[in-house]
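**Q** just coords:
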């Protein structure tokens, strides 16, 4: 049980790092004036985050 908890915590930190990196990259691209590329990066990051959340809830049986 302890190993499962540690694995879940590691997964959450990895997800946080990837999401933060995506937002930071989008912000940096917007600062450079690459609005379209920043928008695509932000949209992809949000889509992946939402899809991962839904998929994770479906696997654990929490979703309706």
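**A** That came through, no problem. These numbers come from a predicted model, not from an experiment. Numbering: from 1, shown residues only.

**Q** Helices of the protein, start to end?
**A** 2-31, 35-60 (DSSP state H).

**Q** How far off centre is the first one?
**A** The chain centre lies 6 Å from the centre of helix 2-31; the measure is Cα atoms, centre = their mean, to the nearest Å.

**Q** Mind giving me the packing neighbours of that helix?
**A** If contacts are counted by 3 or more Cβ pairs under 8 Å, 6 or more residues apart in numbering; DSSP states H and E, helix 2-31 sits against helix 35-60. Just so you know, the C-beta spots here come from the backbone N, C-alpha and C atoms, and that holds for glycine as well.

**Q** now the helix it packs on against helix 2-31, angle please.
**A** 160 degrees (axes from the mean of the first three to the mean of the last three Cα atoms, to 10 degrees).

**Q** hmm, back to that, output the helices of the chain as CSV; include the columns mean neighbour count and mean pLDDT.
**A** Formatted as CSV, the helices of the chain follow (neighbours: other Cβ atoms under 10 Å; pLDDT from 0 to 100):
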stretch, mean neighbour count, mean pLDDT
helix 2-31, 12, 88
helix 35-60, 13, 89
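
**Q** Leaving out chain neighbours, which residue sits closest to residue 29?
**A** Leaving aside its sequence neighbours, residue 29 sits nearest to residue 38 (Cβ to Cβ, 6 or more residues apart in numbering; 3.8 Å).

**Q** Looks like the one you found contacts residue 30 (just checking).
**A** Yes: look at residue 38 against residue 30 with Cβ atoms under 8 Å: they come within range, at 4.0 Å.

**Q** Give the residues shared as contacts by these two.
**A** In terms of Cβ atoms under 8 Å, 6 or more residues apart in numbering, residue 38 and residue 30 are not both contacted by any residue.

**Q** where's residue 19 relative to residue 4, distance?
**A** Residue 19 is 23 Å from residue 4, where distance means Cβ to Cβ, to the nearest Å.
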